[in-house]
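J.: sequence unavailable; structure follows:
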């Protein structure tokens, strides 16, 4: 953004240089023909030229009064709105400084750093001097607000500082919390914008003395499979967060949702094999997406898996830490079954859920296993246990033999046998330790998300909330 007349002159000069460089490239193209390098150089120059043209036009429109800036509508636009309001009133930085008893250099520093070091009281004073009306929903606090007080207020409803810093805030904003030269007032104000988007908390309520109240609507639509010692407050926070992320993904998904989801495991198995040739985590993921059901992965959260069914679309969320491909496949199919039944559900731990006497969960488990193994699942289990004397090492030998003879995956068969034994209250979970690793499951999920989402349908703050998911899924540092 161009902030003063000096920057305007520099940008105009750059604009002329880029235009000349582009003309020279086009002349070279006429003389020597098109090449891949020349095409790439032209595309880069055109992009830079357009950016400069937009900045120049915005500055010129502001100085001519074509874009009157009279109101502030959102916290994230606060610094830019203050700068634009000054320009639209044809005030220099020196003139604005005189109006609020500050030297020109201080206004320059404020604008250069987008008001990072300005206190709330000073921001309000500058806004008043610019006749800038701040809408009530923006919720600029009346008094200064410390970071300690801010985090204490958020923690009162279960939103701890670690969750805010690593889940809700974009890295560029989170990094500023460690800079002592930046005003805590503005940091709290900007952070409240992202918190408000996810949890429906009005920013102004964060800075009032009254207790915070969360919008718990998403919780009432979800069926929970959790243990008695679950931290309900933390689970509620994570559910609201996951539901909001699911809604963002739903909004940007290009594939049309299909409501006629099959619940016959053998039909699902046949469709996966006929469409993709084999059953792997990747092919199951492709199959689920083909029904218009997005799948995303969240890292370090208080539940194991989830599926949300809203009016327009269903979404599956996986969060497990395992590297076992068989378990990734099972959990994805397990949630796919719940979607076929029209159930929004949070499952804290699928293994615990299967050990219960819940008929719905038993059927969901069977559905997943039957998709993976086919119609002979019961016969294969019986074979695995015959002549084993309930000895785990002997059962594993039988599994290896059957896997080789029947040409089926040993890890999938082992998980099913362990599941059947647990239903009979036989504690033989060691059977399921025969696993094939899939270390890049999270990246596979992110690859499919990137392929199937139209990011142009999301605003910048939505992309900020999705960034930690993609960065962790792709193995990057958030």
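T.: Good, I have the coordinates. These figures come from a predicted structure and were not determined experimentally.

J.: so where's the protein shaky on pLDDT?
T.: Along the chain, the model assigns pLDDT under 70 to residues 30-37, 74-76, 135-144, 300, 349-357, 381, 383-392, 421-435, 472-478.

J.: please enumerate the strands of the stretch 351-478 of the chain.
T.: Shown for the stretch 351-478 of the chain, no strands are assigned by DSSP state E, counting those that start in this stretch.

J.: now do the strands in the stretch 1-150 of the chain.
T.: Using DSSP E, counting those that start in this stretch, the strands of the stretch 1-150 of the chain run over residues 71-72, 133-134.

J.: output the contacting helices and strands for the first one.
T.: It stands for strand 71-72. Strand 71-72 sits against strand 133-134, with contacts defined as 3 or more CB pairs under 8 Å, 6 or more residues apart in numbering; DSSP states H and E. Just so you know, the C-beta spots here come from the backbone N, C-alpha and C atoms, and that holds for glycine as well.

J.: got a list of contacts for stretch 296-305?
T.: Applying CB atoms under 8 Å, 6 or more residues apart in numbering, the contact partners of stretch 296-305 are 226, 230-231, 234-235, 238-239, 242, 245-246, 249, 315-320, 331, 334-335, 346-350, 441-442, 445-446, 449, 469, 472-473.

J.: from residue 400, how far out is residue 40?
T.: For residue 40, the distance to residue 400 equals 54 Å [CB to CB, to the nearest Å].

J.: looking at these two, which one has more neighbours?
T.: The neighbour count for residue 40 versus residue 400, taken as other CB atoms under 10 Å, is higher for residue 400 (15 against 10).

J.: excluding chain neighbours, what is closest to the more buried one?
T.: residue 410 (6.1 Å; CB to CB, 6 or more residues apart in numbering).

J.: surely the one you found touches residue 399?
T.: Yes: if you go by CB atoms under 8 Å, residue 410 and residue 399 touch, sitting 5.5 Å apart.

J.: higher neighbour count, the two?
T.: Using other CB under 10 Å as the criterion, residue 410 and residue 399 rank with residue 399 on top: 23 against 18.

J.: you'd agree that one is up against residue 413?
T.: Yes: at 5.7 Å, residue 399 counts as touching residue 413 under the criterion of CB under 8 Å.

J.: state the distance from residue 68 to residue 7.
T.: Taking CB to CB, one finds residue 68 at 21 Å from residue 7.

J.: all helices of the stretch 351-478 of the chain, in order?
T.: 359-373, 377-385, 392-406, 410-423, 441-452, 460-473 (DSSP state H, counting those that start in this stretch).

J.: contacts for the first one, please.
T.: By CB under 8 Å, 6+ apart, the list of residues contacting helix 359-373 from outside reads 225, 263, 265-266, 268-269, 272, 279, 284, 326, 329-331, 333-334, 336-338, 341, 343, 353-354, 377, 380, 408-409, 412-413, 415-416, 419, 423.

J.: what subset of those residues is buried?
T.: Neighbour counting with 16 or more other CB atoms under 10 Å marks 225, 265, 268-269, 272, 279, 284, 326, 329-331, 333-334, 336-338, 343, 353-354, 377, 380, 408-409, 412-413, 415-416, 419 as buried within those.

J.: could I get the buried residue list for stretch 393-405?
T.: 395, 396, 398, 399, 402, 403.

J.: oh sorry, the question was meant for stretch 453-460
T.: Per 16+ other CB under 10 Å, stretch 453-460 contains these buried residues: 453, 458.

J.: which ones among the contacts of stretch 296-305 lie within helices?
T.: Secondary structure from DSSP state H places 234-235, 238-239, 242, 245-246, 249, 331, 334-335, 350, 441-442, 445-446, 449, 469, 472-473 of the contacts of stretch 296-305 in helices.

J.: just the helices in the stretch 1-150 of the chain please.
T.: Using DSSP H, counting those that start in this stretch, the helices of the stretch 1-150 of the chain run over 5-32, 36-63, 78-88, 93-99, 104-112, 120-129, 147-155.

J.: just how off-centre is the second one within its chain?
T.: Going by CA atoms, centre = their mean, to the nearest Å, the spacing between the C-alpha centre of helix 36-63 and its chain's C-alpha centre is 30 Å.

J.: number of nearby residues for residue 280?
T.: 17.

J.: contacts only, for it.
T.: Contacts of residue 280 by CB under 8 Å, 6+ apart are 325, 329.

J.: quick check, nearest of the buried residues of stretch 393-405 to residue 94?
T.: Nearest to residue 94 among these, counting by CB to CB, is residue 403 at 79.6 Å.

J.: for the closest one, which non-adjacent residue is closest in space?
T.: Here the residue nearest residue 403, using CB to CB, 6+ apart, is residue 410, at 3.8 Å.

J.: measure residue 398 to residue 204 for me?
T.: From residue 398 to residue 204 the distance is 66 Å (CB to CB).

J.: OK, contacts around residue 308?
T.: 221, 222, 242, 243, 246, 314, 315, 317, 344.

J.: would you mind checking those residues for buried ones?
T.: The neighbour count (16+ other CB under 10 Å) marks 222, 242, 243, 246, 314, 315, 317, 344 as buried among the contacts of residue 308.

J.: Serialize those residues to TSV and add fields for distance to residue 25.
T.: Below are these laid out as TSV (distance: CB to CB, whole Å):
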residue	distance to residue 25
222	57
242	48
243	49
246	46
314	49
315	46
317	47
344	55
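
J.: isn't residue 318 right up against residue 330?
T.: No: with contact defined as CB under 8 Å, residue 318 does not count as touching residue 330 (10.7 Å).

J.: about what we covered before: mind putting the contacts of residue 308 in CSV, distance to residue 13 included?
T.: Shown next, in CSV, are those (distance: CB to CB, whole Å):
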residue, distance to residue 13
221, 57
222, 58
242, 50
243, 50
246, 48
314, 54
315, 50
317, 51
344, 58
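
J.: and which of these is nearest to residue 116?
T.: Closest to residue 116, out of all of the contacts of residue 308 and judged by CB to CB, is residue 242, at 31.4 Å.

J.: which ones are touching residue 29?
T.: 38, 42.

J.: how close does it get to residue 22?
T.: Distance from residue 29 to residue 22, by CB to CB: 11 Å.

J.: how far away is the residue nearest to residue 403 from residue 279?
T.: Residue 410 is 14 Å from residue 279, where distance means CB to CB.

J.: give me phi/psi at residue 200?
T.: phi 70, psi 20 (degrees, to the nearest 10).

J.: count of neighbours near it?
T.: Residue 200: 15 neighbours (other CB under 10 Å).

J.: make sure it is actually in contact with residue 212.
T.: No: contact criterion CB under 8 Å: residue 200 and residue 212 do not qualify, at 10.8 Å.

J.: tell me the contacts of residue 69?
T.: Residue 69 neighbours (CB under 8 Å, 6+ apart): 62, 81, 84, 85, 88, 130, 132.

J.: if anything else comes up later, I'll come back, but that's it for now.
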